[in-house]
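Undergrad: quick one: sequence and predicted model below, then my questions.
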Amino acid sequence: MSPALLLLALALSQAPETTPPPQAAGPIGFSSLFNGSDLTGWRGRPHLSPYEDAKWETEQLKAKHAEWQTNLEQHWSVDAGEIVNDGHGVFLTTVEDFDDFELRLEYKTVAQADSGIYLRASPQVQIWDTTEAGGKWNIGADKGSGALWNNQENPRFPLVHADRPFGEWNRLRILMVGDRVSVWLNERQTVAHARMENYWQRGAPLPRSGPVQLQTHGGEIRFRNLYVRRLDAAEANAVLARNDRKGFRSVFNGLDWNGWAGPVENYFIDRGTIVCKPGKGGTIFTKKEYGDFHLRFEFQLPPGGNNGLAIRYPGQGDAAYHGMCELQVLDNSAEKYAGLKEWQYHGSVYGQKAALRGYQRAVGQWNFQEVRVQGSHIRVELNGHVILNQDLAAIETPPSGREHPGRTRLRGHFGFAGHNDPVRFRRVEIREIGSD
């Protein structure tokens, strides 16, 4: 090697490690949220319940937006390809709303700063000074950034402390499906598929859609390389399905009716999918009985589709009355169902308890659903959102006005209660609670 090349190699080996250039090329499949030069695509919005401004009239909303924009311009700026906040003012908020998504960004902050990332306008993935000098070890800052600090019942502290020292850039990756959130800080996982609680309405699921907000809270913070990727139904379902796999067993082999009973002639199998024949129905069910169990499956509704889940079914009779219950599987968007009783819509315990609406995917897309049955308690999670959580024994008078004598059953078959429509089911799995 020549002396010149030797000197160059030596200089390169001793050069300090460089950080990626501002607004580096984004990952494949991601869209940029920041163009590197101005705040196009962003607006101002404070810490405010999304249920509040949703009620405002157009003129009030316009006036508030103008006020927030003025505030934004006072406290947010762009410097050398970085978004900069001075520690004050409204939060920087995406103009677009997001359902299920993956977000990637980098941030750098200063001592005693406190910030975070609001997801669907809800707080928050925490960012803060995690040193003892920061003065917040008494509320958990010593455990690190990158967790769901506003949770009360679900995990709120990070799995590991992954913050880099002040002056260095931190990399944040957030994956959100329904209410389920996973977070990686500097390539270390700090949140693992935890439920993010609704800060604005405790006990309710998060809004299905909403903006991303960059919080400001007392100290300068800089952001760069902000990218987002929307998840389609197939990927969102896969994220939900791959979590906590232990103990689940398929109850349908995808080929024939082995292990099933009832009027199977009213259904057919299409490429591993159970389909109710048009104009047919009845309750088909597993030959095996279950006590407490956790169910997972995917379903696809045709326009106006109607079916049901038979829970602890005795093998004969009407699942809604003779079984523990029938959980509705229904196209909530169909005009012909506009006048139904609340307890007749999707996810509801038919005749006994209404489920929340607004969390189905569009007709024709596959939905992912989980049902947990334990004692007299039943919980339904649709596309990552809990839409029903009820102890049936606590219902003194069913809203249907009828008796449901089977609701105290502690054991029975699982099945599908068809109602003449070609609703499709696949990837049907059950984990018996107590055996996992």
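TA: Thanks, I have the structure now. Bear in mind that the values here come from a model prediction, so they are computed numbers and not experimental data. Residues are numbered from 1 along each chain as shown.
Undergrad: buried sites along stretch 161-177?
TA: Neighbour-count burial for stretch 161-177 flags 162-163, 169-177 (criterion: 16 or more other C-beta atoms under 10 Å). Yep, even glycine has a C-beta here, placed from its N, CA and C like the rest.
Undergrad: quick check: the farthest pair among those residues?
TA: W169 and V177 (26.8 Å; C-beta to C-beta).
Undergrad: list the contacts of the residue positioned nearest the centre of the chain.
TA: Centroid-nearest residue in the chain, with C-alpha atoms, centre = their mean: G178, separated by 1.8 Å. Taking C-beta atoms under 8 Å, 6 or more residues apart in numbering, we find G178 in contact with 100, 205-206, 236, 240, 359, 381-385.
Undergrad: can you pull the pLDDT of S2?
TA: If you check S2, the pLDDT there is 45.
Undergrad: out of the buried residues of stretch 161-177, list just those in helices.
TA: Counting by DSSP state H, the buried residues of stretch 161-177 place none of their members in helices.
Undergrad: L226: which of these is nearest?
TA: Closest approach to L226 among the buried residues of stretch 161-177 (C-beta to C-beta): L172, at 9.7 Å.
Undergrad: separation between the closest one and Q60?
TA: Between L172 and Q60 the distance, using C-beta to C-beta, to the nearest Å, works out to 34 Å.
Undergrad: then L356?
TA: Here L356 is placed at a distance of 28 Å from Q60 (C-beta to C-beta).
Undergrad: what about this structure, any weak spots by pLDDT?
TA: 1-25, 435-436 (pLDDT under 70).
Undergrad: quick one: V239 is in a helix?
TA: Yes. Secondary structure of V239 (DSSP: H, G, I helix; E, B strand; the rest coil): part of a helix.
Undergrad: which one is it nearest to, not counting chain neighbours?
TA: Of all residues not flanking V239 in the chain, V177 sits nearest, at 4.7 Å (C-beta to C-beta, 6 or more residues apart in numbering).
Undergrad: ranges for the helices of the stretch 1-150 of the chain?
TA: Assigned by DSSP state H, counting those that start in this stretch, the helices in the stretch 1-150 of the chain fall at 3-14, 50-53, 58-75.
Undergrad: from the chain's centre, how far out does the last one sit?
TA: Here the centre of helix 58-75 is set off from its chain's centre by 30 Å, with C-alpha atoms, centre = their mean, to the nearest Å.
Undergrad: pull out the buried positions in that helix.
TA: Buried residues in helix 58-75 (16+ other C-beta under 10 Å): 64, 68, 71-72, 75.
Undergrad: what's around the nearest residue to E403 once chain neighbours are set aside, how many residues?
TA: Taking C-beta to C-beta, 6+ apart as the measure, E403 lies nearest to Y321, with 7.6 Å between them; neighbours along the chain are not counted. Residues near Y321, counting by other C-beta atoms under 10 Å, number 17.
Undergrad: next up, the contacts around the closest residue to R180 other than its chain neighbours.
TA: In this structure, R180 finds its nearest non-sequential neighbour in G384, 4.8 Å apart by C-beta to C-beta, 6+ apart. Each residue near G384 by C-beta under 8 Å, 6+ apart is listed here: 100, 177-180, 236, 240, 368.
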